[in-house]
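Undergrad: Let me see the structure of the following:
(4 chains)
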2 protein chains.
Amino acid sequence: MVTSEQVARRAGVSRATVSRALNGSAHVSEEVRKRVHDAIISLGYEPDVIAQSMVRQRSRTIALSLFYETQGSAFAQLGQTQRYFYLDMLKHVEQEAAATNYDLLLPSRPYGSAPGNYIRSLQTRRVAGVLALGLSQSDPRAHALVGADIPTVFIDSMAKGPRATYVKSDHSDGTRQATEHLLSLGHRRIAVLPGRAMGLAATERLLGCQQALAYAGLALDAELVRPCGWNTEDAYQEAVALLAERRDFTALLAGSDLMAIGILRALHEYAIRVPGDVSLIGFDDVDLCRYMEPPLTTVRQDREAMGRRAVQQLITMIEEQGEASPIVIPTHLVVRASTGPARSCAAEAHE
Amino acid sequence: MVTSEQVARRAGVSRATVSRALNGSAHVSEEVRKRVHDAIISLGYEPDVIAQSMVRQRSRTIALSLFYETQGSAFAQLGQTQRYFYLDMLKHVEQEAAATNYDLLLPSRPYGSAPGNYIRSLQTRRVAGVLALGLSQSDPRAHALVGADIPTVFIDSMAKGPRATYVKSDHSDGTRQATEHLLSLGHRRIAVLPGRAMGLAATERLLGCQQALAYAGLALDAELVRPCGWNTEDAYQEAVALLAERRDFTALLAGSDLMAIGILRALHEYAIRVPGDVSLIGFDDVDLCRYMEPPLTTVRQDREAMGRRAVQQLITMIEEQGEASPIVIPTHLVVRASTGPARSCAAEAHE
DNA sequence: CTGAAAGCGCTTACAG
DNA sequence: CTGAAAGCGCTTACAG
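TA: Reported below is the predicted structural model:
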């Protein structure tokens, strides 16, 4: 590997000058700057990133902190159906990081995962900041991050601290739009599988639905609200349980598209047509939606905006010690073929 | 941050001794070792990873090199439907890396992406090795990696070099099993959408099908072989084109499960029942398969074995300068509901 | 078995 | 504007 020493010799200057020329900042005469750059080019020099991190006491690296339940594997969650949504967001995270020249790091967590250890392991790696994705509020890492002195941006979790803020979708407005769409189609009895109870997303989504109904002078039937896990299988199971119990609803709001796929399967097994008998709406707008039978009406989360702004916000916090203000990203209803006019309820209320 | 200096003082020894006690290797008296460890515990010391990388001239980091077409985003590909398969593998990569205490790095590629630059950027980061996933053989990065002196393991690409080897699935045996299954159900005319032409996976999969047919004294109808892109949309388009042209096949082999989803949609639009009219087999065994209508018969790739063994192999190469031998992972047919007895061909050959 | 010293490749006050 | 020197936090021959 070429070192700055060699560049200095070649250009007839000191290493200090090479460093200055490279980092632009200081005053270097045009002539010397040119000599240095020529030397850099002809030797194919690139500064040692590790050495820079050492002296700067900080690496140009953003650590990814992904998913709670995982115990040691970020991708464990990504691989599960309910996480497909995050992937697309990570793509934009990666692009934005690359654009600003930050590496992304998935730290291995050694020595057991006591929360204090977690922060320390980030510190020993000199990470510049951390992007926390899908961490639940109760995750010990989330707690540690909120308290620590490391710039942190949470995505889809409302954690806030002196050095921590968040970026989230407008969940409630999304389900509000979805519910209004159902209302306009004549639906009055709506079942909701909002996802895991108590979570931010599930709670806000439920809220949006309630608000739209309340605005129309209606109320949600509490017994038609069925929290369950976010994945396809759990949603499938819960839908089967619901269908075994009652059928007096004409529409169903799912917490995610992947949940909707499980629900679709349950409806199919019960020979219930979509949207003929029941309308179904997902959430997220994963690309798979288009290929479902029928193609799924859903609420789109702007994953690009979420990913990019999260990184931008984080870098601002890192480089400018900027204030950590939360960011809310709008959502939009995408109408496809899984929603239609409500069948007459009276006719089948107690079939 | 606590430094080894402080630990040394507390334990009444030199920094050299702290380092020795920590790295186990050298001869340190039991008594001193204990004193040092006590000091480490009470101070909450953990060595600075960056400083270690600096002096060792190598970081404990594995770089991920993901996907060709991407231009600057690994997750860009992961987010596309055809890549869902890789996610699950990455989960095991991550677990294995964590188990052996290596960090995973997604390097940002700066200054344009000339191949030489790519290697250099890995060198300046002092990465210990690289795991290349889904890189096509023609990717400039693949070429650079094969020639470079950095330990590299390719997954699903047969690149080989003095410091580079690969781990791959037994694609051809997978489609051989699938084809034998179809033959046993009476199918004789089989259409194949093997994926992108000329790729390793597509070529081997096609080969397995041909071999099984040849063994039964049959041949593939070249016009029923339809290469196309790996994603859901491309498969959908290609299936529509095929159906518009001819229907004299009773079974269809897809290059991946996500492709099968697109094909399923095309069949549905043509009111062709699965498996009543046509049997369909996917490849990969993504978890979504179970929720398709009908649940998809497919060939399972052992993603855990691929991910784990790839990392193990890489670490062996890094730490023991071990010989770089290729690894082939077996595949297995998983029969679900999308395959059934062949309809009588004669009756509908030229409907 | 243990310590003093050198060195990994940079950057940054401090002088000039 | 530029150089000599110190220092970032470790590890590792080299002595003893």
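
Undergrad: how close does the closest residue in space to A:Y236 that isn't next to it in sequence sit to B:R265?
TA: Closest residue to A:Y236 apart from its sequence neighbours, by C-beta to C-beta, 6 or more residues apart in numbering or on different chains: A:G262 at 3.3 Å. Using the backbone N, CA and C atoms, a C-beta is placed for each residue, glycine as well. As for A:G262, its distance to B:R265 is 18 Å (criterion: C-beta to C-beta, to the nearest Å).

Undergrad: cool, and A:G208?
TA: 31 Å.

Undergrad: between those two, who's got more neighbours?
TA: Set A:G208 next to B:R265 and count neighbours by other C-beta atoms under 10 Å in any protein chain shown: A:G208 wins out with 24 against 20.

Undergrad: C-terminal to the host helix or strand of that one, what's the next element?
TA: For A:G208, the host element (DSSP states H and E) is helix A:200-215. Remark: after helix A:200-215, the chain's next helix or strand is helix A:232-245, criterion DSSP H and E.

Undergrad: leaving aside the residues next to it on the chain, what's closest to A:V13?
TA: Leaving out its chain neighbours, A:V13 is closest to A:V32 (C-beta to C-beta, 6+ apart), at 6.1 Å.

Undergrad: Name all residues that make contact with that neighbour.
TA: A:A11, A:V13, A:T17, A:A21 (C-beta atoms under 8 Å, 6 or more residues apart in numbering or on different chains).

Undergrad: Also A:I318?
TA: By C-beta under 8 Å, 6+ apart, A:I318 lies in contact with A:A128, A:G129, A:P151.

Undergrad: Out of the residues you listed, name the ones that lie in strands.
TA: Counting by DSSP state E, the contacts of A:I318 place A:G129 in strands.

Undergrad: May I see the contacts of A:I318 organised as TSV, with neighbour count and pLDDT added?
TA: Formatted as TSV, the contacts of A:I318 follow (neighbours: other C-beta atoms under 10 Å in any protein chain shown; pLDDT from 0 to 100):
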residue	neighbour count	pLDDT
A:A128	24	96
A:G129	23	96
A:P151	25	95
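
Undergrad: With distance to DNA strand C as added columns, please give the contacts of A:I318 in TSV.
TA: Shown next, in TSV, are the contacts of A:I318 (distance: C-beta to the nearest atom of the strand, whole Å):
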residue	distance to DNA strand C
A:A128	14
A:G129	18
A:P151	18
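
Undergrad: Of the contacts of A:I318, just say which sits nearest to chain B.
TA: Taking C-beta to the nearest C-beta as the measure, chain B lies nearest A:A128 of the contacts of A:I318, at 12.0 Å.

Undergrad: That closest one is in contact with A:T152, isn't it?
TA: No - look at A:A128 against A:T152 with C-beta atoms under 8 Å: they stay out of range, at 10.9 Å.

Undergrad: Now A:Y45. Nearest residue, chain neighbours left out?
TA: Spatial nearest neighbour of A:Y45, chain neighbours left out: A:V2 (4.5 Å); criterion: C-beta to C-beta, 6+ apart.

Undergrad: same thing with A:L43?
TA: The shortest distance from A:L43 to any non-neighbouring residue, by C-beta to C-beta, 6+ apart, is to A:V2 (4.9 Å).

Undergrad: that's a helix at the residue nearest to A:V13, yeah?
TA: Yes - A:V32 sits within a helix when classified using DSSP: H, G, I helix; E, B strand; the rest coil.

Undergrad: So it versus DNA strand C, what's the distance?
TA: 12 Å (C-beta to the nearest atom of the strand, to the nearest Å).

Undergrad: and the end-to-end length of stretch A:315-334?
TA: Terminal residues of stretch A:315-334 lie 32 Å apart, using C-alpha to C-alpha, to the nearest Å.

Undergrad: For DNA strand C, tell me whether that stretch is touching it.
TA: No - Stretch A:315-334 does not reach DNA strand C (C-beta under 7 Å from any atom of the strand); its nearest approach is 12.8 Å.

Undergrad: residue ranges with poor pLDDT in the stretch 1-150 of chain A?
TA: Scanning the stretch 1-150 of chain A with the threshold set as pLDDT under 70 gives A:25-26, A:67-83, A:110-115.

Undergrad: for the stretch 151-300 of chain A, same thing?
TA: Ranges of the stretch 151-300 of chain A meeting pLDDT under 70: none found.

Undergrad: interface residues of it facing chain B?
TA: Taking C-beta under 8 Å from any C-beta of the partner chain, the part of the stretch 151-300 of chain A that reaches chain B is made up of A:T232, A:Y236, A:I261, A:G262, A:L264, A:R265, A:H268, A:D287, A:L288, A:Y291, A:E293.

Undergrad: Next, give phi and psi for the residue nearest to A:L43.
TA: When read as degrees, to the nearest 10, the backbone of A:V2 gives phi -70, psi 140.

Undergrad: I'd say it and A:S42 touch.
TA: No - under the criterion of C-beta under 8 Å, A:V2 makes no contact with A:S42, lying 10.1 Å away.

Undergrad: Please identify which of the two sits among more neighbours.
TA: With neighbours defined as other C-beta under 10 Å, A:V2 and A:S42 compare such that A:V2 has more, 18 against 11.

Undergrad: just the strands in chain A please.
TA: A:61-66, A:103-106, A:129-133, A:152-155, A:164-169, A:190-193, A:251-254, A:279-281, A:298-301, A:327-329, A:331-334.

Undergrad: ok, how many other residues are close to A:A219?
TA: 9.

Undergrad: Distance check, it against DNA strand C.
TA: Taking C-beta to the nearest atom of the strand, one finds A:A219 at 61 Å from DNA strand C.

Undergrad: go on, A:L131?
TA: 24 Å.

Undergrad: from chain A, which residue is nearest to DNA strand D?
TA: The nearest approach of chain A to DNA strand D comes at A:H27, 2.1 Å away (C-beta to the nearest atom of the strand).

Undergrad: how many other residues sit next to that residue?
TA: A:H27 has 5 neighbours, counted by other C-beta under 10 Å.

Undergrad: Can you tell me, leaving aside adjacent residues, what's nearest to it?
TA: Closest to A:H27 by C-beta to C-beta, 6+ apart is A:R20, at 8.0 Å.

Undergrad: my read: the one you found touches A:S14, true?
TA: No - assessed by C-beta under 8 Å, A:R20 is found out of contact with A:S14, at 9.5 Å.

Undergrad: Compare those two and say which is more crowded by neighbours.
TA: A:R20 (18 against 13).

Undergrad: what's near enough to touch A:L22?
TA: Neighbour list for A:L22: A:S4, A:V36, A:I40, A:P47 [criterion: C-beta under 8 Å, 6+ apart].

Undergrad: Tabulate the residues you listed in TSV, adding columns for neighbour count and distance to chain B.
TA: Conversion of the contacts of A:L22 to TSV gives the following (neighbours: other C-beta atoms under 10 Å in any protein chain shown; distance: C-beta to the nearest C-beta, whole Å):
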residue	neighbour count	distance to chain B
A:S4	21	12
A:V36	25	16
A:I40	20	11
A:P47	17	7
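
Undergrad: Out of those, which two sit at the greatest distance?
TA: Within the contacts of A:L22, A:V36 and A:P47 form the most distant pair, 12.3 Å apart (C-beta to C-beta).

Undergrad: Report how many residues lie close to A:A305.
TA: That count, for A:A305 with other C-beta under 10 Å as the rule, works out to 16.

Undergrad: Could you check how far it is from A:L131?
TA: 15 Å.

Undergrad: what do you get for A:E30?
TA: When A:E30 is compared with A:L131 (using C-beta to C-beta), they lie 40 Å apart.

Undergrad: more crowded one of those two?
TA: Remark: of A:E30 and A:L131, A:L131 carries more neighbours, 24 against 7, as counted by other C-beta under 10 Å.
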